[in-house]
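Engineer: I need the structure of the sequence given here:
(2 chains)
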There are 2 protein chains.
Amino acid sequence: MAENIRELTVELGDRSYPILIGPGLLGEYDLSPYVTGSQVMIVTNETVAPLYLEQAIRCFPGKVVDSIVLPDGEKFKDWQTLNRIFDGLLEQRHTRKTTLVALGGGVVGDMTGFAAACYQRGVSFIQIPTTLLSQVDSSVGGKTGINHPLGKNMIGAFHQPRAVLIDTDSLRSLPPREVSAGLAEVIKYGLIRARDFLDWLEGAVDRLVALEPEALSEAIHRSCACKAEVVAKDEREGGLRAILNLGHTFGHAIEAFAGYGNWLHGEAVGTGMVMATDLSLREGMISSGDLERVVALVRRAGLPERPPAGMTPDDFMTRMAVDKKNVDGQLRLVLLKALGAAVVTADIRPENLAATLSAFCEDA
Amino acid sequence: MAENIRELTVELGDRSYPILIGPGLLGEYDLSPYVTGSQVMIVTNETVAPLYLEQAIRCFPGKVVDSIVLPDGEKFKDWQTLNRIFDGLLEQRHTRKTTLVALGGGVVGDMTGFAAACYQRGVSFIQIPTTLLSQVDSSVGGKTGINHPLGKNMIGAFHQPRAVLIDTDSLRSLPPREVSAGLAEVIKYGLIRARDFLDWLEGAVDRLVALEPEALSEAIHRSCACKAEVVAKDEREGGLRAILNLGHTFGHAIEAFAGYGNWLHGEAVGTGMVMATDLSLREGMISSGDLERVVALVRRAGLPERPPAGMTPDDFMTRMAVDKKNVDGQLRLVLLKALGAAVVTADIRPENLAATLSAFCEDA
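Structural biologist: Here you go, the predicted structure:
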């Protein structure tokens, strides 16, 4: 097993932590060195628990391991479900030396991380992401939180894990739709920061959709390395980190319009990246050939290219007005100044934004 | 006005902040230098708003100031009420550059601070405490949070304010019972760390109960200085800071038994300090004369010396078992090794703890 492990470090001084990537890690890798005290609470959901909970427990030899199984789905990323984690921790008398473990996708990771940030004003936690999306994105970087009816991820904290364990074998149980959703974030890294990775992806995307292990492992490693680098430079999104939000402002509006969980986050980001690329073209930053490449890659990854039927430009504008990147009421977006190079800007011509929204909203 | 301001600094590197103490500051002192962007959201409650909200708004010239008025009371220190702050922020489109302002007592301060810690993963906040208890204790140090049915302050964050403004005139509107509650924490500082201040308090307590301005100003200044020093040395309660919890483990059990809000926090701490002192005597750490001095001071401050009728040793033990100071299930308490010198210890003879609980529980 050991020779197949790829290890990265998220460099954050005394809060640095490893990302361990490889096949067969669940149930084999000893995570107890990353546990603070004697207590461990694994938080997972009803889909993941039957598949991986027993294996995850075996990663903590010599510890007292409890578990909480939440309902599955983005619509449960709310206070009520979060409170079930607090209930379980208090009922089982977990102290401030406990370590929480997120076993599952992005929703489980975000909620468990936020519970760890808030329980007794902060305890340790470990990420074991089991979906492609969470492996390449949300498990790394310390963003945690829950949704509010008026906005996604509006309530949360920056709280870094002690370790991230990525077992690539866990992707075998992933539905094709979720594989595509994960690929949206993989494509994003190529678009914002790594032209050579983007070129590689155009050749590898069919193998990724088919879950070819070597291709997946390479894509996860490159994606995590890119994210780790950005997070190390700007942990709390003072500047650079915002480029990780390419496609997310449009995407969040789509998710909110569709009702959280009806569109997968990655699907919304896929469409959002196409829209951001379209706007970049209208702003004169890239060529129409660049846009065509992005559309083709998003399509081959199995992602939607257009927002849901019935969504209007107004539906976008209302929801984008509450985006966290906005400053003093002014909309800010991540655009592409070239393939492989992103920029965060508030300097957008309103008529160009209106044109992009009109072009993508069929009823407009 | 300016010549009457006493200023202290909580030394936390680039997160250091001032505590400004004096009469007539509300409505006069310009706090806009401590505001991040152009938006300010003042959070207060229905008791404080008619008295001080207009004055507080005048502290932010040139800013866009909104306000949220919460119901008054510890029983509202819960998620549901916290969510009203998030609702208001989102409805008024406050961005991550907004600044929250807590105007009121400890409940308003803890909830507003926690809302600031979580809103869009963290925004700035300012404390304007209007009760003696919050002025000498909860407004300084960055502890924020809400209660859970299974434990007080179990959900929260460390989130430091940008400034603390203490207008001593605001104590004129405080009911005598709340003045006494505040004095519990004032006495605590003398007991844990400042023998000379304790000596001063024994001479000044009657003037403090009578709200004599000069005595109050001195007591607040000494208390804040003590707290600022402890927080600067141990921001996240890795060690020293735990001594600030003298009387609080017993006190939290009393509050939970009585139902949050029926006993004021300071009242419970008053009784808790007497119990901790009694246990310190049984552990052979202090003399019976020391205990008598503490009992007399607590009594003269107008605080209860005994837990509520009907509370049993078991009621204490069950609730103390979930205290945040506990490590791996072992009870830890703050005791006195002398008047003016506290120690945090798990090395307590069970029969001594049982004897203290029996002595204070009338039905035992």
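
Engineer: leaving out chain neighbours, which residue sits closest to A:A219?
Structural biologist: A:V186 (5.2 Å; Cβ to Cβ, 6 or more residues apart in numbering or on different chains). Where C-beta positions appear, they are placed from N, C-alpha and C, glycine not excepted.

Engineer: can you verify my assumption that that neighbour contacts A:L208?
Structural biologist: Yes - with contacts counted by Cβ atoms under 8 Å, A:V186 reaches A:L208, the gap being 7.4 Å.

Engineer: hey, what's in contact with both of these two?
Structural biologist: Common neighbours of A:V186 and A:L208, using Cβ atoms under 8 Å, 6 or more residues apart in numbering or on different chains, are A:201, A:219.

Engineer: quick one, strands of the stretch 51-200 of chain A?
Structural biologist: Counting by DSSP state E, counting those that start in this stretch, the stretch 51-200 of chain A has strands at residues A:64-70, A:99-104, A:124-129, A:143-148, A:151-158, A:163-167.

Engineer: going along the chain, name the helices of chain A.
Structural biologist: According to DSSP state H, chain A carries its helices in the segments A:49-57, A:79-91, A:106-118, A:132-133, A:176-193, A:195-209, A:213-233, A:248-258, A:265-282, A:288-300, A:313-320, A:350-360.

Engineer: now those helices as TSV including mean neighbour count and distance to B:S138?
Structural biologist: Output for the helices of chain A, formatted as TSV (neighbours: other Cβ atoms under 10 Å in any protein chain shown; distance: least, Cβ to Cβ, whole Å):
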stretch	mean neighbour count	distance to B:S138
helix A:49-57	18	39
helix A:79-91	18	21
helix A:106-118	28	18
helix A:132-133	28	40
helix A:176-193	24	41
helix A:195-209	16	50
helix A:213-233	20	33
helix A:248-258	24	35
helix A:265-282	26	38
helix A:288-300	16	51
helix A:313-320	18	37
helix A:350-360	16	46
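
Engineer: same list (those helices) but as JSON lines, adding mean pLDDT.
Structural biologist: Output for the helices of chain A, formatted as JSON lines (pLDDT from 0 to 100):
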{"stretch": "helix A:49-57", "mean pLDDT": "97"}
{"stretch": "helix A:79-91", "mean pLDDT": "96"}
{"stretch": "helix A:106-118", "mean pLDDT": "97"}
{"stretch": "helix A:132-133", "mean pLDDT": "95"}
{"stretch": "helix A:176-193", "mean pLDDT": "96"}
{"stretch": "helix A:195-209", "mean pLDDT": "97"}
{"stretch": "helix A:213-233", "mean pLDDT": "93"}
{"stretch": "helix A:248-258", "mean pLDDT": "93"}
{"stretch": "helix A:265-282", "mean pLDDT": "97"}
{"stretch": "helix A:288-300", "mean pLDDT": "98"}
{"stretch": "helix A:313-320", "mean pLDDT": "93"}
{"stretch": "helix A:350-360", "mean pLDDT": "97"}
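
Engineer: ok, A:L20 - how many residues close by?
Structural biologist: When neighbours are defined as other Cβ atoms under 10 Å in any protein chain shown, A:L20 has 18 of them.

Engineer: can you tell me, leaving aside adjacent residues, what's nearest to it?
Structural biologist: Spatial nearest neighbour of A:L20, excluding adjacent residues (Cβ to Cβ, 6+ apart): A:L165 at 5.1 Å.

Engineer: hang on, the earlier thing: out of the strands of the stretch 51-200 of chain A, point me to the one whose mean pLDDT is lowest.
Structural biologist: Ranked by mean pLDDT, those bottom out at strand A:151-158, with a mean of 92.

Engineer: and that strand with chain B, contact?
Structural biologist: Yes - using Cβ under 8 Å from any Cβ of the partner chain, strand A:151-158 reaches chain B at A:151, A:153-158.

Engineer: tell me how far stretch A:198-215 lies from the chain's centre.
Structural biologist: Distance of stretch A:198-215 from the chain centroid (Cα atoms, centre = their mean, to the nearest Å) equals 19 Å.

Engineer: how about residues contacting it?
Structural biologist: If you take Cβ under 8 Å, 6+ apart as the criterion, stretch A:198-215 is touched by A:23, A:168, A:171-172, A:174, A:176, A:179-180, A:183, A:186-187, A:190-191, A:216, A:218-219, A:222, A:293, A:297, A:300-302, A:339-340.

Engineer: likewise stretch A:314-331?
Structural biologist: A:150-151, A:153-154, A:242, A:245, A:249-250, A:252-253, A:256-257, A:307, A:332-334, A:344, A:346, A:348, A:353, A:357, A:361, B:37-39, B:90, B:93, B:95-97, B:120-121.

Engineer: what about that stretch, start to end distance?
Structural biologist: Taking Cα to Cα, to the nearest Å as the measure, stretch A:314-331 stretches 14 Å from start to finish.

Engineer: what's near enough to touch the closest residue to chain B within the stretch 101-250 of chain A?
Structural biologist: Per Cβ to the nearest Cβ, A:L150 is where the stretch 101-250 of chain A lies closest to chain B, at 4.0 Å. Residues near A:L150 by Cβ under 8 Å, 6+ apart: A:322, B:87, B:90-91.

Engineer: in the residues you listed, find the pair that's most separated.
Structural biologist: Farthest pair in the contacts of A:L150 (Cβ to Cβ) is A:V322 and B:D87. Separation: 12.4 Å.
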